[in-house]
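K.L.:
quick one, structure for this:
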Amino acid sequence: MTVFDYVGALKTSEPLLDVLAKPSTLEDLKTSTFHYPPHLKPSVIQAGLKSAKYFQGKFHASRENYLEATVSVEGLDKSVLIQGHVSLNRAVNEDIVAIEIFPEDKWSAPSNLVLEEEPDVDAASGEASEENEENEKSRQLKDDMEKKMQQKVAKKDKQPTGKVVGIIKRNWRTYCGVLRPKTSKTSTRYVFVPADRKIPLVRVETQQGDLLQGKRIVVAIDEWPRSSKLPIGHYVKRLGEVGDKNAENEVLLLEHDVQHDKFSDAVLACLPTMPWILTDEEVKKRTDFRHLAICSVDPPGCTDIDDALHYRVLPNGNIEVGVHIADVTHFVRPGNAMDQEAASRGTTVYLVDQRIDMLPGLLSGNLCSLRGGEERLAMSSVWEMTQTAEILNVTFSKSVIRSRAALTYGEAQMRIDDASLTDEVTVGLRGLNRLAKILRARRKLNGALFLASPEVRFNIDSETHDPIDVQTKELKETNFMVEEFMLLANISVAEKIHKEFPEYALLRRHPAPPLSSYDPVLKAAQSKHLDLTAKDGKSLSDSLEKAYIPGQPYFNTMLRILTTRCMMQAVYFCSGTVEYHDYQHYGLATPIYTHFTSPIRRYADVMVHRFLAAAISKDVTYPELLDRKVMDKVCQNINYRHRMAQYAGRASVSLHTQLFFRNRKVDEEAYVLFVRKNALQVLIPKYGLEGTIMLSAKNDKTDIGFKFDQEVRAVSFRTVISRAQGTLFLPYQLI
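P.N.:
Residues are numbered from 1 along each chain as shown. As a prediction, this is how the structure comes out:
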């Protein structure tokens, strides 16, 4: 007897049966129609990989077109394009797959269609239903879409194209989403629509379908046989009502694998007892900077203050600048429960309405936070430099500080601009700001890229916690001032720890993207008769500086936004696993870099602090710190956690933007970022909001005058597009 049979025999079996995978039967297979080719056996795949007939890689489904994906193959310069449901062959996003690459004359290019998956009626039931008008329309539409994807492609635009021949490893997880209303009153089979558009629709059988309508639920995929057009899964649990903010927050945390449970008793047991007192014995071990005019500058509402700064003129006329970073490693010792939890979480996650800390609040918001007027332990990087910001020397130390003021960017800017203020903190801020401008200009000359991304901030109702206002973030000189000295500290520390630990240091690199990645931004510039060059970082930086159109100041910002999206992701790595010439940080135009300045919220910085403390003989090494395999695993995890935290933050902004506009209708100016064959991707600068505007309704085959130019990525038309959230008036041609 199987578990499924046993549970089915119970009197109250229905809810329990829902959360079990339903076993397939031989009878099902005998009567099935196959919709996909079979996957090759593992032995055949392995032989094919050895002979280079097949290739192994990670499957990346498209968010915009469910009939497209790419597979990244180690050793190939370009990803391999997969198009059409037969070639996709039941692979799911993040699976490790075996692929066969077609001959070059069959290579293609990504289509310019935006397509959302629409199931056949019989795909939901999983049964061979009679041919009916609705099914026939659905199938015809799918056939039409696949034909449209078979476009004529210029040779220069083609990329390696292939098909999935087997699955090497499934990387399925649980998925959040909603059930579609069932098509038959008597059926218990439903179509599940995942929140992540990279995941296919899933067929689910449940006795609780009526209760789950309009709810956010969690589903697991069990199998995807050839006989099923959709993967088959089962219901796991309910999260809450669709549109409820708590339920939607839970969705984005689960979808991005954010660890958000409360800290365990074992972790909390590692915290110091309160009240915590700075002892004379500890002060004697450190450099005492409490007499200096140190201050911090952060966003409004910041309570986890990692960094503070000081500036003073030395008797010889030179300048002393100090960056002081919270000494988290004094409290978080290697290998204890708190260290293990921080290593697992990897980073603090910032959502619009909450912060999910990497460390317990007693540390992140109190003992480690460099709050104004309170004595705190720090790791300090202090430079002597000339009046023109030429660095003469740098020293590192464990220190004690007392910040004179915890300022916001706005408050610091007001002090700098108010000529009547001459106190020590304000004079120091002016000096730091002057030096930062010199450092920034020097980085620009070296080829550093100054890009852009649409960022917004919300004003949240204190009682309902709903957004009541949204606006783009305004950057001040003080934002750039702090950034320059944090970058300088990170570079200086990277040089120090690499010198002392060349085989083990935790560093951060940013690879240069392949030239083909720049095609979208280069074409956008060419459409406006601007010459943009991307042969290296320096030429790209210089040409972006010149890419302005009179009367259209936002166009340059859009080019920088597009350029940001052409970039590779920066990653953490262990120095002994990469050749030195690959250490470079392309975006910052520096040969070596790390993260040192935010140990309260990034585990990478905790590790860097440990390397630095050992390098200056203020702490000892331990076996795991000097083990390349262990360090490589640490880097892999924090790269993953950092990436997921970024995505979760963006998803939170998107959620709160939707909540803000739920009962509002406004007309706003929008700019076109990308042109597709059947859609426009637009950006509304005021709200930092991006969206896709379909040029025709689903299943609409009427000709309303849209003409797509594949070569210049333009769409021409004679009409106006209206949407419920406002009216967007479009010019004759958009690039």
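K.L.:
can you verify my assumption that residue 582 contacts residue 511?
P.N.:
Yes: at 7.2 Å, residue 582 counts as touching residue 511 under the criterion of C-beta atoms under 8 Å. C-beta coordinates here come from the backbone N, C-alpha and C atoms, glycine included.
K.L.:
name the residue in these two with the higher neighbour count.
P.N.:
Neighbour totals were compared for residue 582 and residue 511, and residue 511 leads with 14 against 11 (other C-beta atoms under 10 Å).
K.L.:
OK, contacts around the more buried one?
P.N.:
568, 582, 584, 586 (C-beta atoms under 8 Å, 6 or more residues apart in numbering).
K.L.:
could you redo the last one with a cut-off of 10 Å?
P.N.:
Applying C-beta atoms under 10 Å, 6 or more residues apart in numbering to residue 511 gives the contacts 567, 568, 569, 570, 571, 582, 584, 585, 586.
K.L.:
residue 105 now?
P.N.:
residue 158.
K.L.:
where's it relative to residue 68, distance?
P.N.:
As defined by C-beta to C-beta, to the nearest Å, residue 105 lies at a distance of 20 Å from residue 68.
K.L.:
I'd guessed residue 512 sits against residue 538; true?
P.N.:
No: if you go by C-beta atoms under 10 Å, residue 512 and residue 538 don't touch, sitting 11.5 Å apart.
K.L.:
now do the buried residues in the top helix by length along the chain.
P.N.:
In the chain, taking DSSP state H as the definition, the longest helix is helix 628-660. Neighbour counts over helix 628-660 (16 or more other C-beta atoms under 10 Å) mark 631, 634-635, 637-639, 641-642, 644-645, 647-649, 651-657, 659-660 as buried.
K.L.:
can you give me the strands for the stretch 201-350 of the chain?
P.N.:
202-205, 215-223, 232-241, 287-288, 295-298, 307-313, 319-326, 349-350 (DSSP state E, counting those that start in this stretch).
K.L.:
so which of these is nearest residue 264?
P.N.:
strand 349-350 (18.2 Å; C-beta to C-beta).
K.L.:
packing partners of the helix or strand just after the closest one?
P.N.:
Sequence order places strand 355-356 as the next helix or strand after strand 349-350, per DSSP states H and E. Packed against strand 355-356 by the contact rule (3 or more C-beta pairs under 10 Å, 6 or more residues apart in numbering; DSSP states H and E) you find strand 349-350.
K.L.:
who's in contact with the strand it packs on?
P.N.:
252-253, 256, 258-260, 304, 355-358, 601, 641-642, 644-649, 652.
K.L.:
residue 478 belongs to a strand?
P.N.:
No: per DSSP: H, G, I helix; E, B strand; the rest coil, residue 478 lies outside any strand segment and is helix.
K.L.:
give me the low-pLDDT residue ranges for the chain?
P.N.:
In the predicted model of the chain, residues 1-32, 119-151, 696-735 satisfy pLDDT under 70.
K.L.:
how many neighbouring residues does the nearest residue to residue 590 once chain neighbours are set aside have?
P.N.:
Spatial nearest neighbour of residue 590, chain neighbours left out: residue 491 (5.6 Å); criterion: C-beta to C-beta, 6 or more residues apart in numbering. A count of nearby residues for residue 491, using other C-beta under 10 Å, gives 18.
K.L.:
distance-wise, check residue 491 relative to residue 592.
P.N.:
For residue 491, the distance to residue 592 - C-beta to C-beta - is 7 Å.
K.L.:
what is in contact with the two at once?
P.N.:
With C-beta under 10 Å, 6+ apart as the test, residue 491 and residue 592 both reach residue 585.
K.L.:
give me the element the closest residue to residue 563 other than its chain neighbours is part of.
P.N.:
Nearest residue to residue 563, sequence neighbours excluded (C-beta to C-beta, 6+ apart): residue 521, at 5.1 Å. Using DSSP H and E, the element containing residue 521 is helix 519-527.
K.L.:
from the contact counts, what lies against the helix or strand following that helix?
P.N.:
Sequence-wise, the next helix or strand downstream of helix 519-527 (DSSP H and E) is helix 537-546. Secondary-structure packing of helix 537-546 (3+ C-beta pairs under 10 Å, 6+ apart): helix 424-445, helix 519-527, helix 554-564.
K.L.:
neighbouring contacts of helix 537-546?
P.N.:
With C-beta under 10 Å, 6+ apart as the criterion, helix 537-546 contacts 443-452, 510, 512, 518, 521-522, 525, 530-535, 556, 559-560, 563, 566, 584-589.
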